[in-house]
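# take a look and give me a structure for this.
(one chain, ligands or ions: 2)
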Amino acid sequence: VDREEKIVLQEIKIGLLGLGTVGSGVYRILTERQKFLAQKTGLNFIPKRILVRDLGRKRAVAVDPGLLTTDPTQVVAHPEIDLVVEVLGGVEPARSLIAAALQAKKSVITANKELIATHGAQLYQLAREQGVDLFFEASVAGGIPILGPLQHSLAGEDIEAVYGIVNGTTNYILTAMTEQARSYADVLAEAQALGYAEADPTADVAGHDAARKLAILAALAFDQYVDLDDVYCEGIEKIKPADIAFASQLGYVVKLVAIARKKAAGLEARVHPALVPAGHPLAGIKGVFNGIIVEGWAVGSLLFTGAGAGQMPTGSAVVGDIVAAAKNYVAGQRGKPGLGFVKKSRVLPMEEVENSYYLRLQVEAGTMAVAKVVRHLSEAGVELKTLEICKGNEQVDLILKTSTVKEGIFMQVLSLLQAERDIKQVDAVIRCLVE
Ligand code: NAP
Ligand code: HSE
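Ligands and ions are numbered 1, 2, ... in the order given. Predicted structure coming up:
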């Protein structure tokens, strides 16, 4: 018997807010794989209305112009629309439109990390009150299923840490700078053209996008949300090709890492560039790929990896949520979000966080600068793990790596070094990944 003959299809009408990079991916999957999805789920997914800003804009996908609208109520208040997908970006009007959809008893799927990281608690509460779903798998690490596993497969796990590479744009830039010696600006422009970057790419390169994703990961991993303002955040703007090259000589790769780790006194939550040992699983995560390590008490270490941004991988994560929300809708089982955004965690101040450090200093030739560096470090109880002296025609560079030390103590040593006359300037300070 032909399988299609047995399928009783129920229509699920979708309202899309946005038809940019991600929206186009979602539209393509829903339409180009419509028959496949129907066979797989017994549901017929139909895009019903699509909110855009500019009706005349040339689109990456062929869409019936009759579906497009600039009136948000045509989506969030449309009586026939069952599910709303928000892929606009930014806090407003996304927040108000999602709230309106939830109030109209429509489940919502969003890819918006900025919104969930800042207003997740309120939106979760609203979804709970309205008895509908709010899903956001695509908000973290593009196509990689990570929020689902954290909430379901790892529901019984005591998670000790979640960390890794969660921004595709910066990983794309750092990989090209490392492997092709290309310029930062050139590669950023390419990442933008490929649809990886945020509307304002400062969010990527300054680490804000990764910090938002870390806040969401921490909420779901530890059942406690963190205030985004408490997440330490440093981007890749100051990373120089020279440091990438020196790191490589020392056996490291420079990556932008996001780290959330449970400690006795609170939670570490931080985003910054880090020297990652060349043999570490994160060192091999290249280009637009992301890699997230989850460490659990019973399960040990898990690595989730795949495309962290881009039209089709992110579209895949959104469509996964659409199918899950539609199944709940059909089964009458909506509105059971987890605990993630109920309780707030204490985030440790950065001074209390332990790291080892890579330092590049310019010193006066023929002085006691090296001895002074060694003395200041040793007086603070910090071991010098490596020291290289590079003598150029006009300057002497010291490249060193320290033992693990609390950031507060290291920063005091750094001030003492900066006050020394023989030390002309500190050119780079990069933390090293401590496993
Ligand atoms: P995008 O390409 O800039 O698309 C945004 C879409 O929303 C456009 O279609 C735009 O309309 C529409 N839009 C924006 N503001 C609007 C407004 N005020 N009224 C009506 N329409 C409006 O953005 P994107 O890259 O798809 O990202 C969308 C969301 O997904 C963001 O939250 C982003 O962080 C998240 N995300 C992106 C990726 C990625 O790889 N790009 C991956 C994961 C998550 P017009 O087309 O008419 O301008
Ligand atoms: N701008 C984001 C990134 C998109 O580069 O990772 C995916 O969230």
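
# all helices for the stretch 101-250 of the chain, in order.
Along the stretch 101-250 of the chain, counting by DSSP state H, counting those that start in this stretch, helices occupy 113-130, 147-151, 168-179, 184-193, 202-205, 208-222, 241-250.

# just the ones you listed: most buried one?
helix 208-222 (a mean of 27; mean count of other CB atoms under 10 Å). C-beta here means a position set from N, CA and C on the backbone, and glycine is covered the same way.

# looking at the helices of the stretch 101-250 of the chain, which is closest to ligand 1?
Smallest distance to ligand 1 across these (CB to the nearest ligand atom): 5.7 Å, for helix 113-130.

# could you pull up the residues touching the residue in the stretch 1-150 of the chain that ligand 2 sits nearest to?
Proximity of the stretch 1-150 of the chain to ligand 2 (CB to the nearest ligand atom) peaks at Gly142, 4.9 Å away. Contact partners of Gly142, counting by CB atoms under 8 Å, 6 or more residues apart in numbering, are Gly168, Val288, Asn290, Gly306, Ala307, Gly308, Ala309, Gly310, Pro313, Thr314, Ala317.

# show me what the third one is bridged to.
Going by DSSP bridges, Asn290 is paired in beta bridges with Gly306.

# what's the local residue count around it?
28 (other CB atoms under 10 Å).

# make sure it is actually in contact with Ala141.
Yes. Assessed by CB atoms under 8 Å, Asn290 is found in contact with Ala141 at 4.4 Å.

# what touches both of the two?
In contact with both Asn290 and Ala141: Val166, Gly306, Gly308, using CB under 8 Å, 6+ apart.

# closest one of those residues to ligand 2?
Gly308 (4.9 Å).

# how about the residues of the stretch 251-400 of the chain near ligand 2?
Counting by CB under 6 Å from any ligand atom, the positions of the stretch 251-400 of the chain adjacent to ligand 2 are Gly308, Ala309.

# can you give me the strands for the stretch 251-400 of the chain?
252-263, 266-277, 289-296, 300-307, 343-344, 354-363, 384-391, 396-402 (DSSP state E, counting those that start in this stretch).

# so which of those is nearest Gln130?
strand 343-344 (21.6 Å; CB to CB).

# which strands and helices lie in contact with that closest one?
Contact here means 3 or more CB pairs under 8 Å, 6 or more residues apart in numbering; DSSP states H and E; on that basis strand 343-344 packs against strand 224-225.

# now whichever residue of the stretch 301-435 of the chain sits closest to ligand 2: closest residue in space that isn't a chain neighbour?
For the stretch 301-435 of the chain, the residue closest to ligand 2 is Ala309, as judged by CB to the nearest ligand atom, at 3.6 Å. Using CB to CB, 6 or more residues apart in numbering and skipping residues adjacent in sequence, the residue nearest Ala309 is Gly168, 3.3 Å away.

# touching, the one you found and Gly310? I think so.
Yes. Between Gly168 and Gly310 there is a contact under CB under 8 Å: 7.1 Å.

# distance of Leu126 from Gly332?
Using CB to CB, to the nearest Å, one gets 20 Å for the distance from Leu126 to Gly332.

# I misspoke; the intended subject was Phe410.
From Phe410 to Gly332 the distance is 56 Å (CB to CB).

# equivalent analysis for Arg95, please.
27 Å.

# if we can go back for a sec, just tell me which of the strands of the stretch 251-400 of the chain ends up closest to ligand 1.
Once the strands of the stretch 251-400 of the chain are compared by CB to the nearest ligand atom, strand 300-307 is nearest, at 8.7 Å.

# which elements pack onto the closest one?
Using 3+ CB pairs under 8 Å, 6+ apart: strand 300-307 touches strand 289-296.

# report the inter-axis angle for the strand it packs on versus strand 252-263.
Going by axes from the mean of the first three to the mean of the last three CA atoms, to 10 degrees, strand 289-296 is angled at 30 degrees with respect to strand 252-263.

# circling back to that earlier point, got TSV for the strands of the stretch 251-400 of the chain, with mean pLDDT and distance to ligand 1 too?
TSV is the format used below for the strands of the stretch 251-400 of the chain (pLDDT from 0 to 100; distance: least, CB to the nearest ligand atom, whole Å):
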stretch	mean pLDDT	distance to ligand 1
strand 252-263	97	15
strand 266-277	97	16
strand 289-296	98	10
strand 300-307	98	9
strand 343-344	80	24
strand 354-363	96	29
strand 384-391	92	38
strand 396-402	95	35
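
# for Ala193, which of those is the nearest?
Closest of those to Ala193 is strand 300-307, at 16.3 Å (criterion: CB to CB).

# report the buried residues of the closest one.
Leu302, Phe304, Thr305, Gly306, Ala307 (16 or more other CB atoms under 10 Å).

# about what we covered before: ok, the residue of the stretch 301-435 of the chain closest to ligand 2 touching Asn171?
No. Between Ala309 and Asn171 there is no contact under CB under 8 Å: 9.1 Å.

# show me what contacts the residue nearest to Trp297 when sequence neighbours are not counted?
Leaving aside its sequence neighbours, Trp297 sits nearest to Asp158 (CB to CB, 6+ apart; 3.9 Å). Asp158 sits next to Gly296, Trp297, Ala298 when contact means CB under 8 Å, 6+ apart.

# state the distance from the nearest residue to the first one once chain neighbours are set aside to ligand 1.
So that's Gly296. The shortest distance from Gly296 to any non-neighbouring residue, by CB to CB, 6+ apart, is to Glu157 (3.9 Å). Look at Glu157 and ligand 1: by CB to the nearest ligand atom, to the nearest Å, they are 25 Å apart.

# what residues does Glu157 make contact with?
With contact taken as CB under 8 Å, 6+ apart, Glu157 is in contact with Gly296, Trp297, Ala298, Val299.
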